[in-house]
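Engineer: Starting from these lines, generate the structure:
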Amino acid sequence: MKAKFGAIITAGAGGLGGHYVSGGYAGKSLRTKPFTVKTKSNSQSVSKSRFTFFAQGWKGLLQTERDAWNAAVSDYSRTDVFGDLRNPSGFNLFQRLNNILVLCGQSPLLSPPVPGSVPSVILSNVAYSISSPSMSVTFAPTLPVNTSVIVSATRPLSPGISNVNKFFRIITILPAGTQSGESVLNAYIQIFGSLGQPGQKIVVKFQPVNLLTGQVGYLSVIQASLVAPPSVALKLIFDDILNVAAFVGDPFSVSAWNALFNLPVFGNPFFSVSVSGTSPCEVGLCGGSNISLYGTFLNNQSLLSVDDGPGSIVLISDDSFANCSSLISVSFIAVLSIEYLSNFGAFENCVFLSSINFPICTSLFTGTFANCPFLFVYSFPSLLYIISSPSGGILLANASILYFPSLLSIGPTVLNDSVFTFIAGYTILLTIPTSLMSINAGNPEGDLQVLIANNNVTIVQV
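Structural biologist: Predicted coordinates for the structure are as follows:
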């Protein structure tokens with residue numbers, strides 16, 4: 001506890017014996033400090049370990065070295081809360097400078113350094129977005145030699161919170177030579193998990209460090225508000241919220257969904273989730289991009305539809321939706337390839353699937369839609385290659401419209417590769433490029449010949 005004495009005590013700060021000085025509109029008052037039990041965070045444990053390390057290091061110094069630190073304290077005096085100049089103790093100075101140096105990856109000092117200058121580094125902007133995950137810092141100048149910056153940030157906060165000091169946590173250290181525009185997204189996500197929700201704010205502060213002395217410079221603080229992501233989200237509709245919870249864990253947790261999609265291993269993570277309704281239940285996921293699916297929804301019996309409006313998913317592989325017996329419709333505007341390498345086809349045994357949309361898909365493995373008896377229309381306007389998979393035929397059930405206007409090849413050869421072997425007895429409207437009708441030594445491609453022979457096929461050449 002600190003007190004400033006006049007004729008009677010005129011000011012105070014801090015605490016003593018279970019009491020503390022509190023300020024308010026009515027002036028200063030002495031209050032009893034409540035007792036709370038708090039668990040230690042990881043960073044607190046590290047800080048305590050570092051304190052213990054330097055306390056032991058101080059004891060291990062030679063007496064001449066401790067004397068040197070004690071003699072140097074006047075070079076590092078600070079102004080206290082009352083405006084009075086105060087010197088640290090030699091031990092405190094040893095702790096203060098070495099703590100900063102070790103935090104910045106430097107070796108601790110055994111002798112006190114001659115005070116130096118700390119270059120001014122001004123943080124001017126924090127640019128970040130939820131919809132297209134990014135977070136970067138704009139500052140000047142480029143960090144000089146022997147200068148680092150400690151970057152601290154708050155978790156996403158309500159805009160009504162004005163005193164944010166207790167929310168700051170160190171997220172990263174920028175080394176000498178770092179230029180303006182540096183991304184701190186991964187560092188922030190590692191500490192706080194997500195960028196938060198629209199309407200929240202994040203406060204970031206910079207503190208430059210002289211790497212030769214451990215001195216810190218002036219703080220530079222920027223506050224930014226989270227902008228709303230686009231209304232378009234990856235929409236998943238399930239039959240009941242209880243089944244969603246059984247499948248993913250906590251449906252309201254974006255971390256749970258990122259774990260399901262195995263992000264960031266297979267793409268950029270989602271940064272927000274919305275859940276509406278209970279039966280059916282709609283889940284909206286924003287922020288993900290360049291995502292590949294590998295068995296993500298295998299055997300899910302409650303998924304009804306998928307609408308990837310923002311184009312978060314770019315590849316669908318083995319059994320991603322296999323055995324989804326309630327799935328009715330899917331739309332993937334950014335998927336370039338649907339693969340089938342070893343297990344089930346991506347949509348195999350989706351027995352109620354009746355509507356698909358793949359506007360830019362260029363390659364499709366046979367077997368992808370095996371046993372989908374209600375899927376009559378196969379429209380792939382950008383499809384270039386139909387590739388043979390381990391299971392052989394494409395198994396189009398009740399096919400009535402095959403729209404492949406850009407198709408270049410069917411199977412590995414121009415002969416019959418058994419791609420359409422299992423399609424027989426159907427009336428089919430087939431749209432293909434003219435070139436496929438003469439690609440086989442002047443004759444139609446071999447798989448097309450089989451399709452035409454076994455079905456009533458009307459061909460539209462483009």
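
Engineer: ok, which stretches of the stretch 1-150 of the chain are strands?
Structural biologist: Along the stretch 1-150 of the chain, counting by DSSP state E, counting those that start in this stretch, strands occupy 2-5, 9-13, 15-16, 19-24, 27-32, 78-79, 85-86, 122-129, 134-140, 147-153.

Engineer: Pick the most buried one from the ones you listed.
Structural biologist: Neighbour counts (mean count of other C-beta atoms under 10 Å) averaged over each of the strands of the stretch 1-150 of the chain peak at strand 147-153, with a mean of 23. Heads up, the C-betas are built off the backbone N, CA and C, glycines and all.

Engineer: Going C-terminal from it, what's the next secondary structure element?
Structural biologist: strand 169-174 (DSSP states H and E).

Engineer: What pairs with the helix or strand following that next one, parallel or antiparallel?
Structural biologist: Using DSSP H and E, the helix or strand that follows strand 169-174 in sequence is strand 182-183. Partners of strand 182-183 in the sheet, by DSSP bridges, are strand 134-140 (antiparallel).

Engineer: what about the partner strand, average pLDDT?
Structural biologist: Regarding strand 134-140, the rounded mean pLDDT is 88.

Engineer: Now do it and strand 169-174, the angle between them.
Structural biologist: Orientation note: strand 134-140 sits at an angle of 60 degrees relative to strand 169-174 (axes from the mean of the first three to the mean of the last three C-alpha atoms, to 10 degrees).

Engineer: angle of strand 134-140 against strand 122-129?
Structural biologist: Angle between the axes of strand 134-140 and strand 122-129 is 160 degrees (criterion: the same axes, to 10 degrees).

Engineer: Using JSON lines, lay out the strands of the stretch 1-150 of the chain together with distance to Gly284.
Structural biologist: Formatted as JSON lines, those follow (distance: least, C-beta to C-beta, whole Å):
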{"stretch": "strand 2-5", "distance to Gly284": "52"}
{"stretch": "strand 9-13", "distance to Gly284": "49"}
{"stretch": "strand 15-16", "distance to Gly284": "48"}
{"stretch": "strand 19-24", "distance to Gly284": "44"}
{"stretch": "strand 27-32", "distance to Gly284": "46"}
{"stretch": "strand 78-79", "distance to Gly284": "51"}
{"stretch": "strand 85-86", "distance to Gly284": "55"}
{"stretch": "strand 122-129", "distance to Gly284": "17"}
{"stretch": "strand 134-140", "distance to Gly284": "20"}
{"stretch": "strand 147-153", "distance to Gly284": "26"}
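
Engineer: Comparing those, which yields the minimum mean pLDDT?
Structural biologist: For those, mean pLDDT drops lowest on strand 2-5, to a mean of 56.

Engineer: and Val314, which of the strands of the stretch 1-150 of the chain is closest to it?
Structural biologist: Of all the strands of the stretch 1-150 of the chain, strand 134-140 sits nearest to Val314, with 18.4 Å by C-beta to C-beta.

Engineer: what comes into contact with the closest one?
Structural biologist: Defining contact as C-beta atoms under 8 Å, 6 or more residues apart in numbering, one finds that strand 134-140 is touched by 121-129, 149, 151, 180-185, 188, 195, 204, 206, 220.

Engineer: Number of residues surrounding Leu101?
Structural biologist: Using other C-beta atoms under 10 Å, Leu101 has 22 neighbouring residues.

Engineer: Val330 versus the closest residue to it other than its chain neighbours, what's the distance?
Structural biologist: Leaving out its chain neighbours, the residue that sits closest to Leu101 by C-beta to C-beta, 6 or more residues apart in numbering is Gly214, at 4.4 Å. Distance, Gly214 to Val330, by C-beta to C-beta, to the nearest Å: 58 Å.

Engineer: Between the two, which has more neighbouring residues?
Structural biologist: Between Gly214 and Val330, counted using other C-beta under 10 Å, Gly214 has the larger neighbour count: 25 against 22.

Engineer: Right, I'll call it a day here.
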